[in-house]
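Participant: Structure for this input, please:
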Amino acid sequence: MKLTEYFATQCRATGVILKTQSPTIKALTSGKNDKNKDGAIATFSFDGFKLSVSYIERGKASYAQQILWLSFTLDSDPTLPFSVYDILAYTQPDNFNCYTYSYVDSKELMRNCFGEINALLKDLTAQLTELLKSGIHKNKLITDQRSCLNRYFGDSVLESGEMLGGAADKIINLMIKNFYDVQIETAVIGSQSKFYNGKPEKALQSLKKSKYRTLYHDNLIKYIENGGKAIPLSEAAKAASMKEGAKRHDAGVKGSFKFLGLTLLFDIPVTLVMIALFLVLSAIYFKGNLYLSGIWENLILLPSLGVMLSGAFALRFINHRKTKAKKETDKTVYTPSVGKTSEAFLKYFTILGESLAVLGLLTCVFSTTAFYENSFKYSVEDFPFSQSECQYSSVEYFAIVDGFTTDKTFKKEPYVVAVTKSGEKIDLYNSTFLTADIFRKETDFLKDKGITIKEFKTIEDIK
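Facilitator: I've put the predicted structure just below:
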């Protein structure tokens, strides 16, 4: 049984406990034509309002994963959402417990969370029903929420009290959706979460700076300023916190180290394949050469060129492990499968990694200098994937330069320059200390052709 199915079972049990009709349960969808299944939402009908319990498997933001979220709409204004905290601000103003559950990744944890949700809703639904019997209280609830929305967007977008038709209606609904997402974010990783996790002072600082403030937040500010302490998280809320959930799902610092380790691990076979390709391409392209200059530097560089591709493989491996089917037991940790957006990201990230690896490999091949019987080939700075050829008969001598001077500071970085009889200086790119050192030992054949090798401190010393 998938967790969305188990969620539906728990919601039907909640309907029985609250003595209301069985909820309407629909899939939460996103993307083009709403094809992506991102969870489920159960809607309960009460006298004057509707209660929605959402299980968000994959939200748009990284924090919105496997979240149980409670929200309300009033029958008199069904377009305006209220979070559970918005309602608590009127019905239970001294209740600052956490009722947001993220990383609900097992049936056992979901059952425990619903135990707390049901205990809350027994009182809360009765209190809200009573509150809405008063037209004054109902209007205040709506007016305050609209004012909060207007403050958030910096404009009186909802002042009329009516939704407009056409494009304006769509824009306003998108703005309300954005406000709704901010409510979730604030509870999961924002100022509220800081309070729930025992950091009231940090929560107070964040709340006072926040653009998004509701009556609940104002009540929380007063509570903290009056010396109120964070109430310890319940066992269910603690297990479903971002901190604990991130540990289970290899997110956070632990996940970063795991990703880095896997990337380095994948980089070993990727590098070996690139080295093999580099040697094969060099043997083909530089067929008949007497000596290749810069080949060792390229071999040292190759491991870093495949890092992005290795990272893509690491991500694919991690997501494959996460989406692998497991036994369906109460304690089974279930991770939602990768969504279409994530699949597309992995696909294009892999393509990008492959492209960069290929470009880096070709750059290494063409940056190698090849010496033949009567000439040498060298890379052209402005055209990295091409080479020029120079005959030995036109070379005056080869120069090994120790380094160069910048801002009157000498930097030791040996490289090789071919000085032609016409005075042109051909820099053999990818020449480093290793190239220069090997160049001294491997170019005796140049002496037989009457070409000398000279040494200079800087390029400016070459006359």
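Participant: Okay, now the unreliable bits of the stretch 151-300 of the chain?
Facilitator: Segments of the stretch 151-300 of the chain classed as low confidence (criterion: pLDDT under 70) are 154-172, 246, 248-259.
Participant: if you set the cut-off to 80 instead, what comes out?
Facilitator: For the stretch 151-300 of the chain, the stretches flagged by pLDDT under 80 are 152-180, 211-212, 242-262, 264, 294-297, 300.
Participant: hey, where'd the helices end up in it?
Facilitator: 166-188, 191-196, 200-209, 215-225, 235-239, 242-248, 252-285, 295-305 (DSSP state H, counting those that start in this stretch).
Participant: As JSON lines, those with distance to residue 28 would be great.
Facilitator: (C-beta placed from N, C-alpha, C; glycine too.) Formatted as JSON lines, those follow (distance: least, Cβ to Cβ, whole Å):
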{"stretch": "helix 166-188", "distance to residue 28": "13"}
{"stretch": "helix 191-196", "distance to residue 28": "22"}
{"stretch": "helix 200-209", "distance to residue 28": "28"}
{"stretch": "helix 215-225", "distance to residue 28": "24"}
{"stretch": "helix 235-239", "distance to residue 28": "22"}
{"stretch": "helix 242-248", "distance to residue 28": "19"}
{"stretch": "helix 252-285", "distance to residue 28": "25"}
{"stretch": "helix 295-305", "distance to residue 28": "42"}
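Participant: Any idea which of the ones you listed gets closest to residue 83?
Facilitator: For residue 83, the closest of the helices of the stretch 151-300 of the chain is helix 166-188, at 4.6 Å, according to Cβ to Cβ.
Participant: Which stretches in the chain count as strands?
Facilitator: Ranges of strands in the chain, per DSSP state E, are 24-30, 36-46, 49-58, 65-74, 77-83, 291-293, 369-371, 375-380, 383-391, 395-406, 409-420, 425-427, 452-458.
Participant: highest average neighbour count across the helices of the stretch 151-300 of the chain?
Facilitator: Burial of the helices of the stretch 151-300 of the chain is given as mean neighbour count (mean count of other Cβ atoms under 10 Å); helix 191-196 ranks first at a mean of 23.
Participant: Show me what that one is packed against.
Facilitator: Judged by 3 or more Cβ pairs under 8 Å, 6 or more residues apart in numbering; DSSP states H and E, helix 191-196 is in contact with helix 166-188, helix 200-209, helix 215-225.
Participant: distance between it and the chain's centre?
Facilitator: Centroid displacement of helix 191-196 relative to its chain, using Cα atoms, centre = their mean, to the nearest Å, is 23 Å.
Participant: How about stretch 4-11?
Facilitator: Counting by Cα atoms, centre = their mean, stretch 4-11 is centred 29 Å from the centre of its parent chain.
Participant: ok, now stretch 116-136?
Facilitator: Remark: stretch 116-136 is offset 39 Å from the chain centroid, using Cα atoms, centre = their mean.
Participant: Just the residues contacting stretch 396-406, thanks.
Facilitator: For stretch 396-406, the surrounding residues in contact (Cβ atoms under 8 Å, 6 or more residues apart in numbering) are 410-421, 436, 439-440, 443, 446, 451-462.
Participant: Try it again at 6 Å.
Facilitator: The contact list for stretch 396-406, computed with Cβ atoms under 6 Å, 6 or more residues apart in numbering, reads 410-419, 421, 436, 452-459, 462.
Participant: try stretch 90-97
Facilitator: In contact with stretch 90-97 (Cβ under 6 Å, 6+ apart) are residues 88, 127, 128, 219, 231.
Participant: Tally up the residues packed near the last one, please.
Facilitator: Right, residue 231. Neighbours of residue 231 under the rule other Cβ atoms under 10 Å: 14.
Participant: Need phi/psi at it.
Facilitator: Main-chain torsions, residue 231, degrees, to the nearest 10: phi -80, psi 130.
Participant: How many neighbouring residues does the residue lying closest to residue 129 once chain neighbours are set aside have?
Facilitator: Excluding the flanking residues, the one nearest residue 129 by Cβ to Cβ, 6 or more residues apart in numbering is residue 47, at 5.4 Å. Counted with other Cβ under 10 Å, the neighbours of residue 47 add up to 12.
Participant: still on that earlier bit, residue 265 is nearest to which of the strands of the chain?
Facilitator: Comparing those by Cβ to Cβ, strand 65-74 comes nearest, at 25.7 Å.
Participant: Could you check how far the closest one is from the centre of its chain?
Facilitator: 24 Å.
Participant: Same check on stretch 134-145?
Facilitator: Centroid displacement of stretch 134-145 relative to its chain, using Cα atoms, centre = their mean, is 40 Å.
Participant: want to throw the contacts of stretch 90-97 into a markdown table with distance to residue 6?
Facilitator: Shown next, in a markdown table, are the contacts of stretch 90-97 (distance: Cβ to Cβ, whole Å):
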| residue | distance to residue 6 |
| --- | --- |
| 88 | 27 |
| 127 | 29 |
| 128 | 27 |
| 219 | 34 |
| 231 | 28 |
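Participant: related to what we said a few turns ago, so which of the helices of the stretch 151-300 of the chain comes closest to residue 18?
Facilitator: Closest of the helices of the stretch 151-300 of the chain to residue 18 is helix 235-239, at 18.8 Å (criterion: Cβ to Cβ).
Participant: which helices and strands does the closest one pack with?
Facilitator: On a contact count with 3 or more Cβ pairs under 6 Å, 6 or more residues apart in numbering; DSSP states H and E, helix 235-239 meets helix 107-131.
Participant: so for the helix it packs on, what's the average pLDDT?
Facilitator: Throughout helix 107-131, pLDDT has a mean value of 95.
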